[in-house]
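In: Here's my sequence, what's the structure:
(2 chains)
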Amino acid sequence: MENSKFNRYTITAALPYANGPLHIGHLAGCYIPSDIYVRYLRSLGKEVAYVCGSDEHGVAITIKAKKEGITPQEVVNRYHEQMKKSFVDFGISFNHYSRTSSKVHHETASGLFRNLFEKGEFLEQSTEQYFDEEAGQFLADRYIEGTCPKCGNENAYGDQCEKCGSSLSPTDLINPKSKLSGNTPVLKETKHWFLDLARYTDFLKNWILVEHQNDWKNNVLGQCRSWLEAGDGLQARSMTRDMDWGIPVPVEGAEGKVLYVWFDAPIGYISSTKEWAAEKGIDWEPYWKSKDTKLVHFIGKDNIVFHCIIFPAILKTHGEFILPDNVPANEFLNLEGDKISTSRNWAVWLHEYLEEFPDKQDVLRYVLTANAPETKDNDFTWKDYQSRNNSELVAIFGNFVNRAVVLTHKFFDGKVPQLGALNDIDKDAIETLKAFPDKIAASIERYRFREALSYVMDFARLGNKYLADTEPWKTIKDDKGRTGTILNIALNIAANLAIVAEPFLPFTAAKIYGMFNMEGLGWKDAGNSDILETGISINPAALLFDKIEDHVVEAQVNKLMESKKQNELANAVAAPMKDMITYDDFAKLDMRVVKVLSAEPMPKSKKLLRLTVETGLGVKTVLSGVAEHFKPEDLIGKQVTMLINLAPRKMMGVDSEGMILMAEDRDGRLRLLQPNEHTGNGSTIS
RNA sequence: GGCGAGGUAGCUCAGAUGGUUAGAGCGCAGGAUUCAUAACCCUGAGGUCAGGGGUUCAACUCCCCUCCUCGCUACCA
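Out: Down below sits the predicted model:
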């Protein structure tokens, strides 16, 4: 929407989850884009509240705490401080960085819940959940472990199996065990409060798919469409959980229950704004309730549903709040071709980066912006990092500023020389200079930061070209006045460059401001060719960027390869032995050697093959999830091992009458188990 | 399989509402230059715009089908 109708801005960046340090994916996903946007707005002189904070609730944190033998509060305290420091270190310029364990946030979130509750917005539903009788509490999905019904992994969680990636519900698990006591949990009834999202479907469809069809990003609209237009519509979502870590549900009869972390997290933006306003002694409400406030949520694509569907539904229902004008979600950043992963240590950690690349925050900011995953997943590679540093930041940007300053010191004693008569080259350069700020601004306002940044580089190129065309090192020999004119213009290009680069490269801009003794300048000054007054002294040139040598990035790649090796080593440990069983348990299994008669892909399935086998007791049909490992012709005619007395199970409309046994390698590859010589079909195995 | 997002020069990516010889940066090859961190500046070579149909005077851009990648979702008894 047009900015002219807005008098203030509330800009939010996704609350980072306080269970680990920050990495480059976090920066690229939402903190750098939001920071660029905010710095630009401030440069324009706009009123901005840029808020964020640590997301400290949720089960994952309680599990981590338990594992380390400390309290959840101790876990979040550790990461809250570390993340907060990383943001400061990288120049992410929040007005306020809060945390969801704060008092203000507890009050705000329960207040909002209470408001919806009193309006009768929640559906109260009782469901059966696993309960640990010894610990006396209901178990979150993640607190239940058991055997994955799909791959047999004994350590699958109640919500998903990390080995085969299936998403599960706790009742799917075989032999569920409580992670609290190790006991088998029992099913017990529990009551929860659900937000009936289906009621907002029409409103959301109109608001997102009609009103914002032209100004929201494609990937965001697509995700919303897939939720809003799904066959069975929006499902009611429980806004409460049985847990003791979080914000207590402020309703009678809700003892031992807390607000769902995704209910309370976005409200953290409001709480953070409140804290900031209170410190500043101003009213927070206009930032969330005035129609002339522009609210923008910067997030990663994993958060789209919460920020475009659930949170707006909550705000809308409350009635007093404004809705986001835009939710410019980024896609994901990969690292050297692989998905970034905290648990696999496949990441570039911000705190480590700064230790190894001190004072190079802007280089990372630059690379992550130039290659930001704005429209699709992108890959960060150290080679690209090096190349962008050396051939763009050093060779174009840094080099230009350095040339202008060095020449000025060489020929004019470090004082801005006087502007004389202008020729066509000068006039063209000044014209081009005037046009850049608007061009860059237009891209920023459309959330196209990589494009905006490329214009900033073009601006630096203009400076280099101007020097190459005018050749002041030649004119100095017989025309000092002309040389002065050239350098005056070149220095003013550099000064302008600092202003438009500031949102992207704040540390570098500050260095240039320091070199030129510039103060109090903003976007409104950009485009003028007389920012630097004649006669003022500028400081000696200091290099803005340094070349990065091959061995430096090679070391980084090696470091990553090392963690990959460590992971393989960790995975190389064979799965632990299952519980002891008796011979009788074993004897119940009827395993046979069978021969595959036919095999064909199951229509409409990626993973299933439909096999018919001769069991010696007749032909049986088996559906086997091996289509990604074997072609039908790899199996036909082969003898394999089969469990034949497994109860039939219908899949995709076909009864599967047993299970083909496979060996699974640690890399997930499957192998057939075959007798070493031909054996009669139906031979027993014991 | 369903839904969503992508598949454009060696690499990373741009290409509103369809319209002249499809663009940029990097890399590469020539040239020019020496103020500058051998950097800058100029020129050039590279693409049947995943593939196949269709609509149109005209399609990278619209429609249909197929293939590939990624995300969510279902199916590994």
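
In: ok, residue A:116 - contacts?
Out: Residues in contact with residue A:116, defined by C-beta atoms under 8 Å, 6 or more residues apart in numbering, are A:122, A:195, A:314, A:317-318. (C-beta placed from N, C-alpha, C; glycine too.)

In: now these in JSON lines, with pLDDT, neighbour count and secondary structure?
Out: Formatted as JSON lines, the contacts of residue A:116 follow (pLDDT from 0 to 100; neighbours: other C-beta atoms under 10 Å; DSSP: H, G, I helix; E, B strand; the rest coil):
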{"residue": "A:122", "pLDDT": "91", "neighbour count": "20", "secondary structure": "strand"}
{"residue": "A:195", "pLDDT": "88", "neighbour count": "23", "secondary structure": "strand"}
{"residue": "A:314", "pLDDT": "91", "neighbour count": "22", "secondary structure": "helix"}
{"residue": "A:317", "pLDDT": "90", "neighbour count": "17", "secondary structure": "helix"}
{"residue": "A:318", "pLDDT": "92", "neighbour count": "14", "secondary structure": "helix"}
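
In: Closest residue of the stretch 151-300 of chain A to RNA strand B?
Out: Scanning the stretch 151-300 of chain A for the residue nearest RNA strand B gives residue A:222, at 2.5 Å (criterion: C-beta to the nearest atom of the strand).

In: Which helix or which strand is home to that residue?
Out: Under the criterion of DSSP states H and E, residue A:222 resides in helix A:218-228.

In: Which strands and helices lie in contact with that helix?
Out: helix A:201-204, helix A:304-305 (3 or more C-beta pairs under 8 Å, 6 or more residues apart in numbering; DSSP states H and E).

In: picking that back up, any chance of the contacts of residue A:116 in CSV, plus distance to RNA strand B?
Out: Below are these laid out as CSV (distance: C-beta to the nearest atom of the strand, whole Å):
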residue, distance to RNA strand B
A:122, 24
A:195, 18
A:314, 21
A:317, 24
A:318, 27
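
In: Tabulate these in JSON lines, adding columns for distance to residue A:303.
Out: Listed next are the contacts of residue A:116 as JSON lines, based on distance: C-beta to C-beta, whole Å:
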{"residue": "A:122", "distance to residue A:303": "23"}
{"residue": "A:195", "distance to residue A:303": "17"}
{"residue": "A:314", "distance to residue A:303": "15"}
{"residue": "A:317", "distance to residue A:303": "20"}
{"residue": "A:318", "distance to residue A:303": "20"}
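
In: and which of those is nearest residue A:286?
Out: Residue A:286 lies nearest to residue A:318 out of the contacts of residue A:116, by C-beta to C-beta, at 16.2 Å.

In: What separation is there between the closest one and residue A:244?
Out: From residue A:318 across to residue A:244, the span is 27 Å (C-beta to C-beta, to the nearest Å).

In: tell me which residues in stretch A:76-90 are buried?
Out: For stretch A:76-90, a neighbour-count test (16 or more other C-beta atoms under 10 Å) marks A:76-80, A:82-84, A:86-87, A:90 as buried.

In: Quickly list the domain ranges of chain A.
Out: By the assignment in automatic domain parsing, chain A contains the domains A:8-111+A:262-351, A:121-206+A:217-257, A:382-572, A:583-672.

In: Go through those domains and pick out the most buried.
Out: domain A:8-111+A:262-351 (a mean of 20; mean count of other C-beta atoms under 10 Å).

In: Quick one: end-to-end distance for that one.
Out: 33 Å (C-alpha to C-alpha, to the nearest Å).

In: how much space between residue A:43 and RNA strand B?
Out: 24 Å (C-beta to the nearest atom of the strand, to the nearest Å).
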